[in-house]
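Trainee: kindly generate the corresponding structure for this input.
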Amino acid sequence: MLKKILAATALLSLLAGCATEVRRMDVNEVKDISGRWNDTDSRLVAEEMIKDCLSQAWLAKATAAKGKAPTVIVGTVRNQSSEHIATDTFVEDLQRSLINSGQVEFVASKAERGEVRDERLDQDTNASEETRKEHGQEIGADFMLSGIISSITDREGGQSVVLYQTNLKLVNMKTSQIAWNGQKKIKKFVKRAGAGL
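Mentor: Predicted coordinates for the structure are as follows:
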């Protein structure tokens with residue numbers, strides 16, 4: 001009988017040790033588990049790069065030439081790193097930083113504009129004349145922001161150093177001139193459990 005009780009206790013302890021533990025976190029809390037690009041990297045890189053972009057001379061020149069804040073659109077950010085990076089999330093972080101700066105006007109992405117255009121077509125048939133929105137009234141972007149995220153990994157045994165490099169360019173839509181070229185690097189040292197020095 002005692003053996004059965006001890007066996008049952010051991011089994012319960014084993015099962016309890018295998019249970020999944022979940023803890024809610026503050027979304028701004030930094031928790032780097034794998035050493036890979038994560039939500040904190042995405043947010044911080046976007047904020048720092050947009051802050052740098054908007055502090056450069058192109059903005060004052062463009063504002064003076066137009067007589068008001070220039071209009072910006074975020075194009076494609078390509079992932080050329082050695083891992084999966086959710087570039088859509090990074091693009092959203094860039095958009096949010098640009099919009100919240102209050103220093104530029106902002107237009108929707110190509111996909112978002114397509115959805116809005118479909119809605120306007122639907123309004124042509126189904127909305128009242130007073131509330132229907134006309135076609136051909138969109139604001140064109142003056143500048144497009146696009147870029148690349150790449151990485152270099154140096155690995156030996158259970159240790160690695162990963163360098164993430166984000167390059168962004170702001171291109172004048174009319175002239176194709178590069179108005180701003182920014183770069184941000186993040187370097188991480190990762191040591192896997194059980195790896196010796």
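Trainee: use CA for all of it now, contacts and neighbours both
Mentor: Will do.
Trainee: list the contacts of the residue nearest the centre of the chain.
Mentor: Residue closest to the average C-alpha location in the chain (Cα atoms, centre = their mean): residue 90, at 0.8 Å. Contacts here follow Cα atoms under 8 Å, 6 or more residues apart in numbering; on that basis residue 90 touches 42-43, 46.
Trainee: out of those, who's the most crowded?
Mentor: residue 46 (24 neighbours; other Cα atoms under 10 Å).
Trainee: what's the helix or strand for that one?
Mentor: In this structure, residue 46 sits in helix 39-54 according to DSSP states H and E.
Trainee: what sits up against the next helix-or-strand element following that helix?
Mentor: Downstream of helix 39-54, the next assigned helix or strand under DSSP H and E is helix 57-66. Helix 57-66 has contacts (Cα under 8 Å, 6+ apart) with 69-70, 179-180.
Trainee: so for helix 57-66, mean pLDDT?
Mentor: Helix 57-66 shows a mean pLDDT of 96.
Trainee: helices of the chain, start to end?
Mentor: Secondary structure of the chain (DSSP state H): helices located at 2-17, 39-54, 57-66, 87-101, 110-126.
Trainee: pipe those into TSV and attach distance to residue 174 per row.
Mentor: TSV is the format used below for these (distance: least, Cα to Cα, whole Å):
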stretch	distance to residue 174
helix 2-17	62
helix 39-54	19
helix 57-66	12
helix 87-101	20
helix 110-126	18
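Trainee: how about the CA coordinates for the helix holding residue 46, as PDB?
Mentor: C-alpha atoms of helix 39-54 as PDB (Å, rounded to 0.1, in the frame of the first residue of the first chain):
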ATOM      1  CA  ASP A  39       8.700  42.800 -30.300                       C
ATOM      2  CA  THR A  40      11.000  45.100 -28.200                       C
ATOM      3  CA  ASP A  41      13.600  45.200 -31.000                       C
ATOM      4  CA  SER A  42      10.900  46.100 -33.500                       C
ATOM      5  CA  ARG A  43       9.400  48.900 -31.400                       C
ATOM      6  CA  LEU A  44      12.700  50.400 -30.300                       C
ATOM      7  CA  VAL A  45      14.300  50.300 -33.800                       C
ATOM      8  CA  ALA A  46      11.200  51.900 -35.400                       C
ATOM      9  CA  GLU A  47      11.000  54.700 -32.700                       C
ATOM     10  CA  GLU A  48      14.700  55.500 -32.900                       C
ATOM     11  CA  MET A  49      14.900  55.500 -36.700                       C
ATOM     12  CA  ILE A  50      11.800  57.600 -37.200                       C
ATOM     13  CA  LYS A  51      13.100  60.100 -34.500                       C
ATOM     14  CA  ASP A  52      16.400  60.300 -36.500                       C
ATOM     15  CA  CYS A  53      14.500  60.600 -39.800                       C
ATOM     16  CA  LEU A  54      12.300  63.500 -38.600                       C
END
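Trainee: in CSV, list the contacts of residue 90 along with pLDDT and distance to residue 74.
Mentor: Below are these laid out as CSV (pLDDT from 0 to 100; distance: Cα to Cα, whole Å):
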residue, pLDDT, distance to residue 74
42, 91, 15
43, 91, 15
46, 94, 12
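Trainee: that concludes my questions; thank you for your assistance.
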